[in-house]
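Colleague: Following is a predicted model, sequence given first.
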Amino acid sequence: MIRAFLLLTFIFSSNIFAADILKLKTDPPSATVSIRDIKSDKDQRIGVTPYESDIDKLTNSYAPSGMFVMTIEKEGYETQSLILGNILKSSMQLNLILKPKVNFLEFKKIDKSINVLFESQRLIRAQQYDDAINLLKRAEVDQEYISVIPELIASAYYLKRDMPASLTWYEKAFRVNPENKDAFMMKSYLRKSLGLTNEN
């Protein structure tokens, strides 16, 4: 049974092709295509998408029962399975949109980091700068690609009047995300305040 979240387009015709042809495309392309007889549990890799083959040749080579399961796999995407065969005696074209895998562990890490950001802002407002810095530095180990973490560390150092440390962390925030305008403005301001005329 074809899964409901796939976008499938079938084109059946006995006149377009000389033989009964299966055409399979995926978005994104370069997904691995495997096949097995519906009565078997052993998959055999037969190519990558876009894929095209004679349906009779597929069934004769891999599916003596006349029905086969075709599996489409691509790293980072949900695996899809289709039940097909030569019963329809017509050509078909299938266009599949692959669904990205949901990484629940990554979402859990992000959710935890968001909670840390709220707590660190509370600590900064309470002028508990060292506690906020320590909390954020621990969070940065797990989420090194979130620029707001080093940016908040820089802010805490700035409020502590530790300008060299603040500059270091604003520069790190900007390296993580060169589109972070606040980090860019603050690092430029601090470099000028500290008498640093170049980026080295």
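Modeller: Nice, I can see it.
Colleague: And the nearest residue to Ile133 once chain neighbours are set aside, how far from Ile55?
Modeller: Spatial nearest neighbour of Ile133, excluding adjacent residues (Cβ to Cβ, 6 or more residues apart in numbering): Ala156 at 5.0 Å. C-beta here means a position set from N, CA and C on the backbone, and glycine is covered the same way. Separation of Ala156 from Ile55 (Cβ to Cβ, to the nearest Å): 65 Å.
Colleague: So for the two, which residue has more residues nearby?
Modeller: Using other Cβ atoms under 10 Å as the criterion, Ala156 and Ile55 rank with Ala156 on top: 27 against 23.
Colleague: which strands and helices sit next to the helix or strand harbouring the more buried one?
Modeller: Per DSSP states H and E, Ala156 falls inside helix 148-159. Of the remaining helices and strands, those touching helix 148-159 by 3 or more Cβ pairs under 8 Å, 6 or more residues apart in numbering; DSSP states H and E are helix 104-125, helix 129-142, helix 163-176, helix 181-193.
Colleague: for the ones you listed, which one ends up most surrounded?
Modeller: helix 163-176 (a mean of 20; mean count of other Cβ atoms under 10 Å).
Colleague: distance between that helix and the chain's centre?
Modeller: Relative to its chain's centre, helix 163-176 lies at 28 Å (Cα atoms, centre = their mean, to the nearest Å).
Colleague: Stretch 148-157 now?
Modeller: 27 Å.
Colleague: Pull the residues that contact that stretch.
Modeller: 113, 117, 120-121, 124, 129, 132-133, 136-137, 139-140, 143, 163, 165-170, 172-173, 176, 180, 182-183, 186 (Cβ atoms under 8 Å, 6 or more residues apart in numbering).
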